[in-house]
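Asker: Okay, here's the prediction I keep looking at, along with the sequence it came from:
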Amino acid sequence: MKKPYYSKLGAILISFLIILSVSAKDQSTDILSGYKTKKVAAHTWFIPGPLEGPNPENRGFMNNPAFVITEKSVIVLDPGGTVETGRAVLKRIRQQTKNPITHVFNTHVHGDHWLGNQAFVEANKDVKIYAHPKMIELATDGEAQV
């Protein structure tokens, strides 16, 4: 007996949806999965990153973002090298507190430490972003470009 056309179409559609969902899952995996948030002091956490440079496996995550939870706010240090990393750091912070993130500090000119700032600006347009004036000068002069 010949299978109806819609049966074959249904099988193809289901196969396509399975492939699509597996592919989407790979892209939506948290960039920080596999990296634990470590508490290093009463109110301070950091996420130790990989030692190698940016590559497809670490998707550009290669620094050690940190955050301090104060009584009323959160201070972030070096939020990462991509907006994706910054969003993942924000998600980790939200696992610890709902306090607003009010300040982001960038320690130096390398982009893996400050390009994640955008995620914090998206989350709070009033967030204050700080860096040493020399770091800002170097970044403005192109030092951070690769």
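Answerer: Yes, it's here. Quick caveat: nothing in here was measured; it's all calculated off a predicted structure.
Asker: which residue ranges form the strands in this protein?
Answerer: Taking DSSP state E as the criterion, the chain contains strands spanning 38-41, 44-46, 66-69, 74-77, 101-106, 128-131.
Asker: The second one: partners in the sheet, and parallel or antiparallel?
Answerer: Read it as strand 44-46. strand 38-41 (antiparallel), strand 66-69 (antiparallel) (DSSP bridges).
Asker: For the ones you listed, could you give me a markdown table that also reports mean neighbour count and distance to Val121?
Answerer: Where you see a C-beta, it was placed from the backbone N, CA and C, and this is true even at glycine. Listed next are the strands paired with strand 44-46 as a markdown table, based on neighbours: other C-beta atoms under 10 Å; distance: least, C-beta to C-beta, whole Å:
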| stretch | mean neighbour count | distance to Val121 |
| --- | --- | --- |
| strand 38-41 | 10 | 26 |
| strand 66-69 | 20 | 16 |
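Asker: how about those in a markdown table, adding distance to Asn117 and mean pLDDT?
Answerer: Shown next, in a markdown table, are these (distance: least, C-beta to C-beta, whole Å; pLDDT from 0 to 100):
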| stretch | distance to Asn117 | mean pLDDT |
| --- | --- | --- |
| strand 38-41 | 22 | 97 |
| strand 66-69 | 13 | 98 |
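Asker: And those strands: which comes nearest Pro100?
Answerer: strand 66-69 (10.9 Å; C-beta to C-beta).
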